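Engineer: Provide a 3D model corresponding to the input given below.
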Amino acid sequence: MFKRVLFGSDLSPASEQIINAAVGLHRLGTEEIVLVHCLNIRDVGTLAETLINLLQPELKRQVEKLQQLGFAVKSEIRLGLPAVEINRAAQDNDCAVIVLGSHGYNLSKDILLGGVATAVLHTATRPVLIIKITPAAPLTAWNSLADILYPTDFSDNAEAAFAYLKKIVRAGAEKVTLLHIQDQIIGKHLKDRLAEFNRIDEQRLLRLRDELLSTGRVLVNIEVRFGLVAQEIINQIKSAGVSMVVMGTQGRGHIGEMFLGSVSNKVVRYSPVPVLLVPLVK
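Structural biologist: Coordinates of the predicted model:
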């Protein structure tokens, strides 16, 4: 499923964490990595050729490290707008997934995801795996298939993410939790029907569970909760030992908002574990 993936690297010391976490992709079937560094044409101007020559040794070092981890590696330095070039490189090389690092937020709660990662997420036509860069606790021993969390609102985009979840189960996922959150904002106005909604959504989750059980040998739990959607997802990640989150980039929402700007974005910012975001490609 993830046979060939693209790694976006800024060649900084922080990007080493993405390289170290790459070993966890073996269990997902990754054999080849396309390592891409982008130089923003707006920043480098006429210095592009000089900078490319200066960056080659560090790029080569990261290539060699990935090769030591057992991957076939191709590297590229691209000149242009980074988000555009990363998505283009993924398409040109037929990569199944784009892997990027994120700093999440700092102690002042200032959002640092921004920039390239956000731009890639907003324009990606293939799944993007976001790995949190945390200097205090680098992700070096990542068991990608240990415990997968799949939050769903039963939207078309969630269904697209579920198709990837089934592939992950076929790859050997050990445990999956199917989670649906009854949005607290909706519940405020429809509390008298909450029990009815819970029964309906539990049946939906049971059907998804049965589909996964027919796909592979996996332990599947289902949960229906009530609360603030993003916060409940983060609570589950932190309390249940989740190894990876699989979810859509947007959903129905109570007022039709883009989940990338709300739920998915918040999960990426605050999740201590990798998050696979699957876009709805029409």
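Engineer: how far away is the residue nearest to Ile52 when sequence neighbours are not counted from Ala89?
Structural biologist: Nearest non-adjacent residue to Ile52, counting by CB to CB, 6 or more residues apart in numbering: Ile77, 5.3 Å away. All C-beta atoms are positioned from the backbone trio N, CA, C, and that covers glycine. Applying CB to CB, to the nearest Å, the value for Ile77 to Ala89 is 10 Å.
Engineer: same thing with Val34?
Structural biologist: Per CB to CB, Val34 is found 7 Å from Ala89.
Engineer: ok so, going back, okay, now the residue nearest to Ile52: neighbour count?
Structural biologist: Ile77 is flanked by 18 other residues according to other CB atoms under 10 Å.
Engineer: Next up, the contacts around it.
Structural biologist: Val36, His37, Cys38, Leu39, Ile52, Leu55, Gln56, Leu59 (CB atoms under 8 Å, 6 or more residues apart in numbering).
Engineer: any chance of these in CSV, with neighbour count and secondary structure too?
Structural biologist: What follows is the contacts of Ile77, written out as CSV (neighbours: other CB atoms under 10 Å; DSSP: H, G, I helix; E, B strand; the rest coil):
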residue, neighbour count, secondary structure
Val36, 24, strand
His37, 23, strand
Cys38, 22, strand
Leu39, 18, strand
Ile52, 16, helix
Leu55, 14, helix
Gln56, 13, helix
Leu59, 18, helix
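Engineer: Looking at these, spot the one nearest Thr134.
Structural biologist: Thr134 has its nearest neighbour among the contacts of Ile77 in His37, at 21.7 Å by CB to CB.
Engineer: ok, the closest one touching Phe7?
Structural biologist: No. With contacts counted by CB atoms under 8 Å, His37 stays clear of Phe7, the gap being 9.5 Å.
Engineer: three-state assignment of the residue in the chain sticking out farthest from the centre?
Structural biologist: Most distant residue from the mean C-alpha position of the chain: Asp192, 36.0 Å away (CA atoms, centre = their mean). Classification of Asp192 using DSSP: H, G, I helix; E, B strand; the rest coil returns helix.
Engineer: what's the answer for Val245, then?
Structural biologist: Assignment for Val245 (three-state DSSP): strand.
Engineer: List the contacts of it.
Structural biologist: Shown in contact with Val245 (CB under 8 Å, 6+ apart): Ile148, Leu149, Tyr150, Pro151, Ile233, Ile237, Val267, Ser271, Val273, Pro274, Val275, Leu276.
Engineer: 7 Å instead?
Structural biologist: Listed by CB atoms under 7 Å, 6 or more residues apart in numbering, the contact set of Val245 reads Leu149, Ile237, Val267, Ser271, Val273, Val275, Leu276.
Engineer: Give me the residue ranges of the stretch 151-282 of the chain where confidence is low.
Structural biologist: Applying pLDDT under 70 to the stretch 151-282 of the chain flags residues 186-190, 251-261, 282.
Engineer: ok, 80 please
Structural biologist: For the stretch 151-282 of the chain, the stretches with pLDDT under 80 are 184-193, 250-262, 281-282.
Engineer: list the buried ones in stretch 43-55?
Structural biologist: Within stretch 43-55, the residues scored as buried using 16 or more other CB atoms under 10 Å are Ile52.
Engineer: Chain neighbours aside, what residue packs nearest to Phe197?
Structural biologist: Gln182 (6.0 Å).
Engineer: So that neighbour sits against Ala195, correct?
Structural biologist: No. Contact criterion CB atoms under 7 Å: Gln182 and Ala195 do not qualify, at 10.3 Å.
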